[in-house]
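Participant: My questions concern the predicted model and sequence given below.
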Amino acid sequence: MGRILFLVNLLLLSLASAASASHDYQKALSKSILFFEAQRSGYLPSNQRVNWRGNSGLVDGKANGVDLVGGYYDAGDNVKFGLPMAFTITMMSWGIVEYGKQMAESGELGHAMEAVKWGTDYLIKAHPEPYVLYGEVGDGNSDHYCWQRPEDMTTNRQAYRIDTAHPGSDLAGETAAAMAAASIVFRRSDPAYSNQLLDHAKQLFDFADKYRGKYDFSISVVQKYYRSVSGYGDELLWAAAWLHEATDEPYYLDYLGRNGGPLGGTGWAMTEFGWDVKYAGVQVLVSKFLLQGKAAHNWQVFEKYRQNADFFMCSCLGKGSNNVQRTPGGLLFRQRWNNLQFVTSASFLLTIFSDYLQSAGQNVKCSSGVAVPSDLFNFAKSQVDYILGDNPRGTSYMVGYGSTYPQQVHHRASSIVSIKVDDSFVSCRGYATWFSRKASDPNLLDGAIVGGPDAYDNFADERDNYEQTEPATYNNAPLVGLLARLHGGNGGFNQLLPVVITKPNVPTRPKPLPIPQPKPSPVPVTGAFSPFTVKQTATTSWIAHGRTYYRYSVIVNNKSSKTAKDLKIIVSKLYGPIWGLEKAVDGYSFPPWLESLPAGKSFEFVYIHSATPADIWISGYTLV
């Protein structure tokens, strides 16, 4: 019986391979990027291509007095989780850094950069102070009890943060890596934005290194969903590696050299790479520095990083001492829940390491023999081809690609009729109406990579089978660069040369009107010698439904030598929401968390509307 099953599987695999002997990697690349538009939170831009989605999460951060509108939902839910989001941005950026030329030739570089910027714009908002970073918006528990479109959310949108008293080196380190990697992406097309990202990256790395701790201790609500099992050592090294790649500063190389042992870079030989465990990615990047001749006095330590990178490659190829399990159809298998996240991440590392070795004329030494660069690349290609349909079931695990792909994706937005088709409110009880439907999703989640098959190549296309049918941004992120490489070929490029990103043809969108500059606030009723200053700054603008909106930051500073209490603030000509103040009978007062304002201190509040700046002044106070 076992022999018969083996022969049947072999026959099915042969038929599937014959049916799709070659894949349209350009089409798959386009779809893999398009998926990120379906995951967008916030005000959607006018050039949004996934038109069944609408604006959502428009009060994110309001309860905390900060603007956290935007970013990405991580998977099929409506929560914004900072750690996997930042990893997603890092991996998309890495793909552009290495294979931007191939993306440009396929016409997708502009879209890929837009996808990165949607994430980094949010990460900038989430980092309002050097030692403050917001790491989650929404509550996983309440969200998972509801099945609603993001446009209809009624669940808690509380935001959670790390700071000096509640550190999170893993979250801050990964976000620093994302900012640093993205700064390379925008270096040529938008130098000012690139420098802004790099400033954030350096601050976040300093925060992560100086105030060490696991982020899931500080943001305990994340523990059921994105617990940091590996700790923060890998993220500190990961951030340092990306900061060196972005700056070429020796400090970060020396940091990798000094901390390779203490933080595990030279000690941990891994067989997985993903949003939690970054060691293999660090080891590949440090190997690149070694092959570029940058190691200098760190060369002995960097050689140990390289040995661990080789160990990862050998384990994936099945030539090591501790090999990764494979399904009968040849797919790398690590766990039953969303296994494809590990397949796409590993395949990217195999591909990029293959190109590094090819550029340097080197091979990988495995316990069972030598592996040449083409061995790594060809195996990575086989994994991508499996995902696209070359498997025993003949099923593509990329939604919308091929003739057979998942129809009942575990994804709230795609499984509920678009709000643009039927704007009837979908309550939290959407589980009864939409989740339980045994029918195809009304909206095509084009390009999404779902969780994938089990250890025996089996797959059940059912919405409640979240282990196999739920997609995630970090499944797709490594695939973007990998598909660009598969479509474009190597073309004789040298991956060890300095990075040069092709200037993209960025998709156009209407430009917002110039941001109006705030006028001086009216003279306060307390006279010209008020102990307070009120400074307004227009920080950003955007277009929604043909109207230009502006975000204004207001800083109130106590310039006296005494503590201020009972502050009364008047805000006139305001036509939108305001965050960071407490509504009072005759205006506004301090935010709930602030009882008084010490001498020389200040606090900030923000508001949004589609008009020139509001009039703001202090109408009363007490100095003690």
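Facilitator: Looks like it arrived, so ask away.

Participant: what's the helix or strand for residue 390?
Facilitator: Using DSSP states H and E, residue 390 sits in no helix or strand.

Participant: so how far is residue 354 from it?
Facilitator: Going from residue 390 to residue 354 by Cβ to Cβ, to the nearest Å gives 20 Å. Heads up, the C-betas are built off the backbone N, CA and C, glycines and all.

Participant: How about residue 64, nearest residue that isn't a chain neighbour?
Facilitator: residue 159 (4.5 Å; Cβ to Cβ, 6 or more residues apart in numbering).

Participant: May I have the beta-bridge partners of that neighbour?
Facilitator: Here residue 159 sits in beta bridges with residue 137, going by DSSP bridges.

Participant: Contact partners for it?
Facilitator: When contacts are counted by Cβ atoms under 8 Å, 6 or more residues apart in numbering, residue 159 touches 60, 61, 63, 64, 66, 68, 134, 136, 137.

Participant: surely the third one meets residue 158?
Facilitator: Yes: the criterion here is Cβ atoms under 8 Å, and residue 63 meets it with residue 158 at 5.9 Å.

Participant: quick one, strands of the stretch 501-624 of the chain?
Facilitator: Remark: strands assigned in the stretch 501-624 of the chain by DSSP state E, counting those that start in this stretch are 532-544, 547-558, 564-572, 578-579, 582-584, 587-589, 602-609, 615-623.

Participant: Look at residue 277 and give its secondary structure.
Facilitator: coil (DSSP: H, G, I helix; E, B strand; the rest coil).

Participant: Test my guess that it contacts residue 271.
Facilitator: No: Residue 277 lies out of contact with residue 271 (Cβ under 8 Å); the separation is 9.6 Å.

Participant: Buried ones in stretch 357-375, by neighbour count?
Facilitator: Residues of stretch 357-375 classed as buried: 357, 358, 359, 360, 363, 364, 366, 371, 373, 375 (neighbour count, 16 or more other Cβ atoms under 10 Å).

Participant: Run through who's touching it.
Facilitator: 291, 310, 313-314, 317, 319-321, 353-355, 376, 490, 494-497.

Participant: cool, and stretch 568-578?
Facilitator: Contacts of stretch 568-578 (Cβ under 8 Å, 6+ apart): 59, 62, 549, 556, 581, 584, 586-589, 605-611, 614-621.

Participant: buried subset of those residues?
Facilitator: Neighbour counting over these (16+ other Cβ under 10 Å) leaves 62, 549, 556, 581, 587-589, 605-609, 614-618, 621 as the buried ones.

Participant: contact partners of stretch 288-295?
Facilitator: Everything outside stretch 288-295 that qualifies as a contact, by Cβ under 8 Å, 6+ apart, is 241, 244, 253, 256, 299, 302-303, 305-306, 356-357, 359-360, 362, 495-496.

Participant: circling back: which members of the buried residues of stretch 357-375 are the farthest-apart pair?
Facilitator: With Cβ to Cβ as the measure, no two of these lie farther apart than 359 and 366, at 20.1 Å.

Participant: quick one: low-confidence parts of the stretch 351-500 of the chain?
Facilitator: Applying pLDDT under 70 to the stretch 351-500 of the chain flags the ranges 491-492.

Participant: which stretches of it form helices?
Facilitator: Remark: helices assigned in the stretch 351-500 of the chain by DSSP state H, counting those that start in this stretch are 373-387, 412-415, 430, 466-469, 473-488.

Participant: what's the closest of these to residue 215?
Facilitator: The closest of these to residue 215 is helix 473-488. By Cβ to Cβ, the value is 16.5 Å.

Participant: how distant is that closest one from the center of its chain?
Facilitator: The chain centre lies 15 Å from the centre of helix 473-488; the measure is Cα atoms, centre = their mean, to the nearest Å.

Participant: Remind me what that helix packs against, helices and strands.
Facilitator: Applying 3 or more Cβ pairs under 8 Å, 6 or more residues apart in numbering; DSSP states H and E, one finds that helix 473-488 makes contact with helix 25-38, helix 82-105, helix 340-360, helix 373-387.

Participant: okay, the ones you listed, which one's buried deepest?
Facilitator: Highest mean neighbour count of those: helix 82-105, a mean of 27 (counted as mean count of other Cβ atoms under 10 Å).

Participant: Average pLDDT for it, rounded please.
Facilitator: Across helix 82-105, the average pLDDT comes to 96.

Participant: could you dump that helix to CSV, C-alpha only?
Facilitator: Output of helix 82-105 as CSV, limited to C-alpha atoms (Å, rounded to 0.1, in the frame of the first residue of the first chain):
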residue,chain,number,x,y,z
GLY,A,82,4.3,46.2,14.9
LEU,A,83,6.9,43.4,14.9
PRO,A,84,5.6,41.4,11.9
MET,A,85,4.8,44.7,10.1
ALA,A,86,8.4,45.9,10.5
PHE,A,87,9.8,42.6,9.4
THR,A,88,7.6,42.8,6.3
ILE,A,89,9.0,46.2,5.4
THR,A,90,12.6,45.0,6.0
MET,A,91,12.1,42.0,3.7
MET,A,92,10.4,44.0,0.9
SER,A,93,13.2,46.6,1.2
TRP,A,94,15.9,43.9,1.0
GLY,A,95,14.3,42.5,-2.2
ILE,A,96,14.4,46.0,-3.7
VAL,A,97,17.9,46.6,-2.6
GLU,A,98,19.2,43.4,-4.2
TYR,A,99,16.8,43.1,-7.2
GLY,A,100,15.5,46.6,-7.8
LYS,A,101,17.0,46.5,-11.4
GLN,A,102,14.9,43.5,-12.2
MET,A,103,11.8,45.0,-10.7
ALA,A,104,12.3,48.2,-12.8
GLU,A,105,12.6,46.1,-15.9
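
Participant: and the angle for it with helix 340-360?
Facilitator: 50 degrees (axes from the mean of the first three to the mean of the last three Cα atoms, to 10 degrees).

Participant: Could you work out the end-to-end span of stretch 610-624 for me?
Facilitator: One end of stretch 610-624 sits 39 Å from the other (Cα to Cα, to the nearest Å).

Participant: do stretch 74-93 as well
Facilitator: Terminal residues of stretch 74-93 are spaced 17 Å apart (Cα to Cα).

Participant: Please apply the same query to stretch 143-156.
Facilitator: Note: stretch 143-156 ends 8 Å apart using Cα to Cα.

Participant: what does stretch 356-373 give?
Facilitator: Using Cα to Cα, the end-to-end distance of stretch 356-373 comes out at 9 Å.

Participant: wait, doesn't residue 381 sit right on residue 487?
Facilitator: No: counting by Cβ under 8 Å, residue 487 is not a contact partner of residue 381; they are 11.4 Å apart.

Participant: Please tell me the pLDDT value assigned to the residue nearest to residue 64.
Facilitator: Value for residue 159, per-residue pLDDT: 97.

Participant: what's the spacing between it and residue 69?
Facilitator: Residue 159 is 11 Å from residue 69, by Cβ to Cβ.

Participant: Equivalent analysis for residue 464, please.
Facilitator: 31 Å.

Participant: Name the residue in the two with the higher neighbour count.
Facilitator: residue 69 (23 against 13; other Cβ atoms under 10 Å).

Participant: show me the contacts for the closest residue to the more buried one other than its chain neighbours.
Facilitator: In space, and not counting its chain neighbours, residue 69 is closest to residue 42: 4.5 Å by Cβ to Cβ, 6+ apart. When contacts are counted by Cβ under 8 Å, 6+ apart, residue 42 touches 55, 56, 57, 58, 60, 69, 70, 71, 122.

Participant: And residue 176, by the same measure?
Facilitator: 200, 201, 202, 204, 205, 208, 239, 242, 243.
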